[in-house]
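Enquirer: Have a look at this prediction, sequence included:
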Amino acid sequence: MTVKDYEEIIGKRMKSARFRHSKNVAKEAVRLAKKYGADVQKAEIAGILHDATKESTEEEQMELIERAGIELTELERSSHKLWHAISGSAFIQVELGIEDEDIINAIRYHTTGRAGMTLLEKVIFIADFTSAERDYDGVDKMRKIADKSLDEAVLEGMAFTIADLAERKLTIAPDTFEGYNEASFLKAKKKK
């Protein structure tokens, strides 16, 4: 399938604002992939599909997760906001037949990040933070960091996520903590 085929499929699954966001993430993912040497085609595909199940019901998401054989941790099961990334990775496997682990993981971890992220995973994680329609406090800073260093942007993105969730007294995925700790450790190691 082509990116246009995927656009057509997900365009029917979401409202226009979400579809515009997905197209913007795909565009930003392509830009970042070119800048940092990631696979451009995979970046565009993962970008357009990253929120494929964001507007699906919880029942639909859980069914996809189960059909893909994904076992959720207790924290994941209770954190419904994490489901769309996990069910999105299930959707592309079960419904679209995508078997590329890098694309699957880029979608699965686009909200939490994790330790050991691949280049594509980092690109999608940051493209979702910096897509054209984003206007949260700090987005301009994030875009500047992303233009200088993808790894610095990942660290900034994880710090932002942790601070935001902590301020709202929401659970924080262990993957995010592990990814933050790894990114912070690598930054400190580079300074030596």
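Expert: Ah, there it is. Residues are numbered from 1 along each chain as shown.

Enquirer: which non-adjacent residue is nearest Glu7?
Expert: Closest residue to Glu7 apart from its sequence neighbours, by Cβ to Cβ, 6 or more residues apart in numbering: Ile48 at 5.8 Å. Backbone N, C-alpha and C define where each C-beta goes, glycine included.

Enquirer: Looks like that neighbour contacts Ala26 (just checking).
Expert: Yes. Contact status for Ile48 versus Ala26: in contact at 4.2 Å, counting by Cβ atoms under 8 Å.

Enquirer: Next, show the common contact partners of those two.
Expert: Among the neighbours of Ile48, those also in contact with Ala26 (Cβ atoms under 8 Å, 6 or more residues apart in numbering) are Val3.

Enquirer: my read: Asp39 touches Leu120, true?
Expert: Yes. Look at Asp39 against Leu120 with Cβ under 8 Å: they come within range, at 6.4 Å.

Enquirer: If you count surrounding residues, which of these two has more?
Expert: With neighbours defined as other Cβ atoms under 10 Å, Asp39 and Leu120 compare such that Leu120 has more, 25 against 17.

Enquirer: hmm, who's touching the strand or helix carrying that one?
Expert: In this structure, Leu120 sits in helix 119-130 according to DSSP states H and E. Applying Cβ under 8 Å, 6+ apart, the contact partners of helix 119-130 are 25-26, 28-29, 32-33, 36-39, 42-43, 46-47, 50, 102-103, 105-107, 109-111, 113-114, 117, 139, 142-143, 146, 150-151, 153-154, 157, 160.

Enquirer: Check the offset of the strand or helix carrying Ile104 from the chain's centre.
Expert: Secondary structure assigned from DSSP H and E places Ile104 in helix 101-108. Put simply, helix 101-108 sits 9 Å off its chain's centre (Cα atoms, centre = their mean, to the nearest Å).

Enquirer: before we move on, what about stretch 44-54?
Expert: Taking Cα atoms, centre = their mean, the mean C-alpha location of stretch 44-54 is offset from the chain mean by 8 Å.

Enquirer: Same check on stretch 119-131?
Expert: Chain-centre distance of stretch 119-131: 6 Å, with Cα atoms, centre = their mean.

Enquirer: Now do the helices in the protein.
Expert: Secondary structure of the chain by DSSP state H: the helices cover 3-11, 16-36, 40-49, 58-67, 74-78, 80-94, 101-108, 119-130, 139-148, 150-167, 174-191.

Enquirer: Would you mind putting the ones you listed into a markdown table with mean pLDDT alongside?
Expert: Shown next, in a markdown table, are the helices of the chain (pLDDT from 0 to 100):
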| stretch | mean pLDDT |
| --- | --- |
| helix 3-11 | 94 |
| helix 16-36 | 97 |
| helix 40-49 | 98 |
| helix 58-67 | 96 |
| helix 74-78 | 91 |
| helix 80-94 | 95 |
| helix 101-108 | 98 |
| helix 119-130 | 98 |
| helix 139-148 | 96 |
| helix 150-167 | 96 |
| helix 174-191 | 91 |
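
Enquirer: Centre-most residue in the protein?
Expert: Central residue of the chain (Cα atoms, centre = their mean): His110, 1.5 Å from the mean position.
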